[in-house]
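Asker: Pasting the sequence and the predicted coordinates here, then a few questions.
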Amino acid sequence: MLPDQRHCASGSTIAVRKSATSLRKPEVSTLHLHLESAIGAEVPIEGHLATDSFQENQVMQVRKQSIVKSSGFTLVELLVVIAIIGVLVGLLLSAVQSAREASRRMSCQNNLKNVSLACLSYESARGALPPGSTINRVQQRNGLSWHVSLLPYVEKNALLGTIDRQVQQFRRDDAQHQPPNIYDLEQVNEVRVELFSCPSDGEGVDNRNGIDLAAANYAGVAGSAASREVQDQFVGEEDTLCGKANLDGVLFPGSRVQLRQVEDGTTSTLLIGERWYQLRAWTAGAFVPVGTDSTPANQPVPDTCMTALKNVSAATPLNASFANAGYYKDHKVNDRPGEAPAELKIISYNDLPFGSFHPGGANFSTVDGSVHFMSNDIAIKVYLAIASRNGAEINDSPWN
């Protein structure tokens, strides 16, 4: 008998290996079908079981195809990502702008600090603070501002020499040998002195009568309007061009205030403040009417045009808008807060508010040379009190 044949009870011979092979075929077919359904394609199996390695490879291919199919962004997901990026960029830009403005405000304070120290250097050398303006009563010509008086103390001697030469030349050429108006100082009109300018002011030049005038953002505090009635205030009629000038501060036309005369204290009396309106040449001081020699501090000088100086007034608080203040309609204003609408009520520009391009307030210096940022919310009573040098007011410090 052959080795692969056996006899059963009926004597028939059965091929064992063939029967075994026939029994395993369904297993191969089943595996073939499972692989076809898993990978979506026919897998040829040549009559024998797939090895373990072959099965592992097929499973890995299935997993890779599944990962590839699910790796893309949907439109909604993409829009969400873009929105988040936009919000982050907006926050970043806002933070950058705030940081830049903080830097500009600090630079402005440094400028004001140096200008105030120059005033004290002038006082040490001359025995008094500089005059707010030299007095020029001829043909309504402006005297020279306190900025000009400070030039030797801010290392601008060459510029002062240029001004002196122009003034002397004009006097020689004038039939009456009178001093020039500001528009006649052609060689210095366009010279911008950075120390007199706030970095937040993007304009810097004021054009008057076709002439570019380099601007100054710092004005001397002439005094407080607390003791007087503002003439023609908010009556809807044109006031005089300039109005009245107070003389109870430390910088006013023809002033020569000594530190001992600052009876309210040097730390509690304003010296210089920021202004954003009516940018004029930094050389222009004030025009004082003919015949005015001296006036008591509680008697404002009428019809005095102050350019480098300002009153502090209850009617026009710090950074007051033109909706509350009004403006003399023939005069240009800077880009903050913009041109005054025609229907606004009118006041003189001596009573226009101090203010700045910084949000929330403005920088001021006191007679001791210190610099502070004053909030728009300062109490009017305190604001008026610190503008006078000898009002004997008792107030809490505005710098707390």
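Answerer: In hand now; what should we look at? In this text, all values refer to a predicted model and were calculated from it rather than measured experimentally.

Asker: Could you use CA atoms for every contact and neighbour count after this?
Answerer: Will do.

Asker: Next one: residue 15, what pLDDT does it get?
Answerer: For residue 15, the pLDDT comes out at 41.

Asker: Show me where the stretch 1-150 of the chain dips below the pLDDT cut-off.
Answerer: Within the stretch 1-150 of the chain, the stretches with pLDDT under 70 are 1-72, 136-140.

Asker: again, only this time at 50
Answerer: Across the stretch 1-150 of the chain, the ranges flagged by pLDDT under 50 are 1-50.

Asker: cool, the stretch 151-300 of the chain as well?
Answerer: Using pLDDT under 50, the flagged stretches of the stretch 151-300 of the chain are 226-239, 290-297.

Asker: Could you pull out the strands in it for me?
Answerer: 205-208, 211-214, 218-224, 270-274, 286-287 (DSSP state E, counting those that start in this stretch).

Asker: Any chance of these in JSON lines with mean neighbour count and distance to residue 194 as columns?
Answerer: As requested, those are exported to JSON lines (neighbours: other C-alpha atoms under 10 Å; distance: least, C-alpha to C-alpha, whole Å):
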{"stretch": "strand 205-208", "mean neighbour count": "18", "distance to residue 194": "12"}
{"stretch": "strand 211-214", "mean neighbour count": "20", "distance to residue 194": "10"}
{"stretch": "strand 218-224", "mean neighbour count": "30", "distance to residue 194": "11"}
{"stretch": "strand 270-274", "mean neighbour count": "28", "distance to residue 194": "14"}
{"stretch": "strand 286-287", "mean neighbour count": "28", "distance to residue 194": "22"}
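
Asker: any chance of those strands in TSV, with distance to residue 82 too?
Answerer: Output for the strands of the stretch 151-300 of the chain, formatted as TSV (distance: least, C-alpha to C-alpha, whole Å):
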stretch	distance to residue 82
strand 205-208	42
strand 211-214	46
strand 218-224	46
strand 270-274	43
strand 286-287	58
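
Asker: Report how many residues lie close to residue 90.
Answerer: Residue 90 has 12 neighbours, counted by other C-alpha atoms under 10 Å.

Asker: Give me the secondary structure label for it.
Answerer: Going by DSSP: H, G, I helix; E, B strand; the rest coil, the secondary structure assigned to residue 90 is helix.

Asker: for the one 3 residues further on, same thing?
Answerer: At residue 93 the chain is in helix, as set by three-state DSSP.

Asker: For it, give its distance to residue 106.
Answerer: 20 Å (C-alpha to C-alpha, to the nearest Å).

Asker: do residue 77 as well
Answerer: For residue 77, the distance to residue 106 - C-alpha to C-alpha - is 44 Å.

Asker: who has more neighbours, the two?
Answerer: A side-by-side neighbour count of residue 77 and residue 106, using other C-alpha under 10 Å, places residue 106 first with 16 against 11.

Asker: ok but that one is inside a helix, no?
Answerer: Yes: under three-state DSSP, residue 106 sits within a helix.

Asker: Buried residues, stretch 260-278. List them.
Answerer: Using 16 or more other C-alpha atoms under 10 Å as the test for burial, stretch 260-278 gives 262, 264-278.

Asker: who does residue 253 bridge with?
Answerer: Beta bridges link residue 253 to residue 133 when assigned by DSSP bridges.

Asker: just to revisit the earlier point, nearest to residue 116 among the strands of the stretch 151-300 of the chain would be which one?
Answerer: strand 270-274 (7.5 Å; C-alpha to C-alpha).

Asker: Just give the strands next to that closest one in its sheet, each with its orientation.
Answerer: Partners of strand 270-274 in the sheet, by DSSP bridges, are strand 218-224 (antiparallel), strand 361-366 (antiparallel).
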